[in-house]
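>>> Kindly generate the corresponding structure for this input.
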Amino acid sequence: MTRASIANALFKEMNEERGVAISVGESAELVEGILRIIKETLQKGEEVKIPGFGTFTTHRKLARKGRNPKTGEAAEVAPRLVIRFQASQLLQNSILQPAPLSHDRHNGNGRGTSL
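Predicted structure coming up:
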């Protein structure tokens, strides 16, 4: 899913399902604004907690000795900052639960058939 597809989904959600009139451009601005806020918060070294979704954090990794996988030669891996995302239990449960079967009959090929 891309930024544009998220903006389009937000546009449809707001206009068609919630009855709130916003333009596609406004929905794109909202998506960009949210992403900018998350990025700036992480740049300050703060965590971003979104209840029911998950938590973004930064973590400093120390320098370490590694190996070049191609040559097997020892190499120093520089210290770096990485971003971590931990999905909330609610999000994990909603994704990992099997989807309910449709009311259509199942014909064995993964597709429902209607009568």
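>>> Compute the number of surrounding residues for Q89.
Residues near Q89, counting by other Cβ atoms under 10 Å, number 10. From N, CA and C alone the C-beta is placed, and that goes for glycine too.
>>> What does the pLDDT read for it?
Here, the pLDDT recorded for Q89 equals 95.
>>> what does S114 give?
Note on S114: pLDDT of 42.
>>> With P100 instead?
65.
>>> which residues does G54 contact?
Contact analysis of G54 by Cβ atoms under 8 Å, 6 or more residues apart in numbering lists F85, Q86, A87, S88, L91.
>>> Give the residue spans of this protein that score low on pLDDT.
99-115 (pLDDT under 70).
>>> State which helix of it is the longest.
When the chain is parsed with DSSP state H, its longest helix is helix 24-43.
>>> Which residues outside the helix or strand that that one is followed by are in contact with it?
Next helix or strand after helix 24-43 toward the C-terminus (DSSP states H and E): strand 48-50. Strand 48-50 is contacted from outside by I38, T41, L42, T55, F56, T57, S88, using Cβ under 8 Å, 6+ apart.
>>> Need the phi and psi values for the closest residue in space to the last one that isn't next to it in sequence.
What that stands for is S88. Nearest non-adjacent residue to S88, counting by Cβ to Cβ, 6 or more residues apart in numbering: G54, 4.9 Å away. For G54, the backbone dihedrals are phi 160, psi -170 (criterion: degrees, to the nearest 10).
>>> if you go through the protein in chain order, where are the strands?
48-50, 54-61, 64-67, 74-77, 80-87, 105-106, 112-113 (DSSP state E).
>>> Correct me if wrong: I6 contacts V31.
Yes - counting by Cβ atoms under 8 Å, I6 does reach V31; the two are 5.2 Å apart.
>>> Export the contacts of G54 as CSV, with columns for neighbour count.
Below are the contacts of G54 laid out as CSV (neighbours: other Cβ atoms under 10 Å):
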residue, neighbour count
F85, 10
Q86, 13
A87, 14
S88, 15
L91, 14
